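[1] Would you be able to build a 3D model of this:
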Amino acid sequence: MPLRTDSLAQARTAYGALEARAQSAERRAEQLQALVTELRKVPPAEVDVVALLRQRILDLEAENIRLRTQLDQLAQLKTDLPLQNFVAAMGLAAAIGEASMPDRSIASMTTKVQAYLAPAGQGVGLRFQQPELGAFAVGLSTTAFEVAKIPPAAGVQAPRSLYAVLQDKQQVLADPFFARFAAATQVQVKIAELFANTGAWNFAYLLQGAAAMAAQERELAKLLAQQVSPGAVAAYAAAVDALAALAESLAGKANPVAGDVLALASALDLATGSLKTLLP
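    Okay, here's the model as predicted:
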């Protein structure tokens, strides 16, 4: 169709076609605008990923807090040690304290404990309050008990203090008859070391000392068997073997008690008594 015409019909036809194209363009523009509007309402893919990550982090933090709360609750129920073990430990402390004194005895000891009480195995357990929770003493129970020494039956001699037993052994080994042997000298050195460190006495330390003395006294028994009748040395050797066996058995004990200290003192005393019989 020519761009210029003098025919009115041709002009009308051209105008109609142009009008139709303009309306079609407007419709397409409206459709595109509507699509752009809809797309603007949907966040970009990157924004969705960030939002999901943030939500996941929040979920994990909430789970962490929940697990920590459960852990704290379980820790409140867990006991530090059974009550009977605590009482036994106090009795052991009293026995070791008494063992370090040659002329004193501890008749009884009273203790008061503030702690949480909870079932533990076949008995009751203690859980001590954490220092950082000092301002929150809710639920603490007060438990008081007394550790008392039971006197021996009538006619039975009371066991001697470990300190007195060691003094006696030191005096016997100082006799010239025994002092000439190096093993006897080593036992005296160990006793002197124990006396010099009474403030550091604990069950493991005393047990190590008794085992060391038993080893040296075994050597002494062998040497004495060459000097006197082997039959006369047999009782002493047996007593030393009993002391060594006792020290070895107690070395593997997880929770020693006061009676173990008394047994150790008695075994040392028995060996010393047998040694005295060998003096000329």
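[2] rest of the way, CA atoms for contacts and neighbours
    Noted.
[3] Show the low-confidence segments of the stretch 1-150 of the chain, by residue range.
    1-19, 25, 35-36, 39-50, 70-80, 121, 129-139 (pLDDT under 70).
[4] do that again at 50, thanks
    Counting by pLDDT under 50, the stretch 1-150 of the chain has low-confidence residues at 1-3, 6, 47.
[5] Let me see the contact set for Y163.
    By Cα atoms under 8 Å, 6 or more residues apart in numbering, the residues touching Y163 are 99-102.
[6] same check, this time on P102
    Going by Cα under 8 Å, 6+ apart, the list of residues near P102 reads 161-164.
[7] Could you look up the SS state of it?
    Of the three states, P102 takes coil according to DSSP: H, G, I helix; E, B strand; the rest coil.
[8] For the helix or strand harbouring A221, buried residues please.
    For A221, the element it lies in under DSSP states H and E is helix 203-225. Residues of helix 203-225 classed as buried: 203, 206-207, 209-218, 220-221, 224 (neighbour count, 16 or more other Cα atoms under 10 Å).
[9] Strands of the stretch 1-150 of the chain, residue ranges please.
    Secondary structure of the stretch 1-150 of the chain (DSSP state E, counting those that start in this stretch): strands at 81-82, 108-120, 123-127, 141-148.
[10] for the ones you listed, which one sits closest to Y236?
    Y236 lies closest to strand 141-148 among the strands of the stretch 1-150 of the chain, at 34.1 Å (Cα to Cα).
[11] Just the buried ones from the contacts of P102?
    161-164.
[12] Redo those as CSV? Include distance to E26, secondary structure and pLDDT.
    Putting the buried ones among the contacts of P102 into CSV (distance: Cα to Cα, whole Å; DSSP: H, G, I helix; E, B strand; the rest coil; pLDDT from 0 to 100) gives the following:
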residue, distance to E26, secondary structure, pLDDT
S161, 114, coil, 89
L162, 113, helix, 93
Y163, 114, helix, 94
A164, 117, helix, 93
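[13] Out of those residues, which is nearest to L264?
    The shortest distance between L264 and any of the buried ones among the contacts of P102, using Cα to Cα, involves L162 and amounts to 8.1 Å.
[14] So that closest one sits against A99, correct?
    Yes - the pair L162 and A99 passes the contact test of Cα atoms under 8 Å, sitting 4.8 Å apart.
[15] ok, and what's touching the helix holding A221?
    Taking contacts as Cα under 8 Å, 6+ apart, the residues outside helix 203-225 that touch it are 96, 181, 183-184, 186-187, 190-191, 194, 233, 236-237, 240-241, 243-244, 247-248, 250-251, 256, 261, 264, 268.
[16] So V156 belongs to a helix, correct?
    No - assigned with three-state DSSP, V156 falls outside any helix and is coil.
[17] Need the phi and psi values for it.
    Torsion angles at V156 (phi, psi; degrees, to the nearest 10) stand at phi -100, psi 130.
[18] burial measure for it, as a count.
    8 (other Cα atoms under 10 Å).
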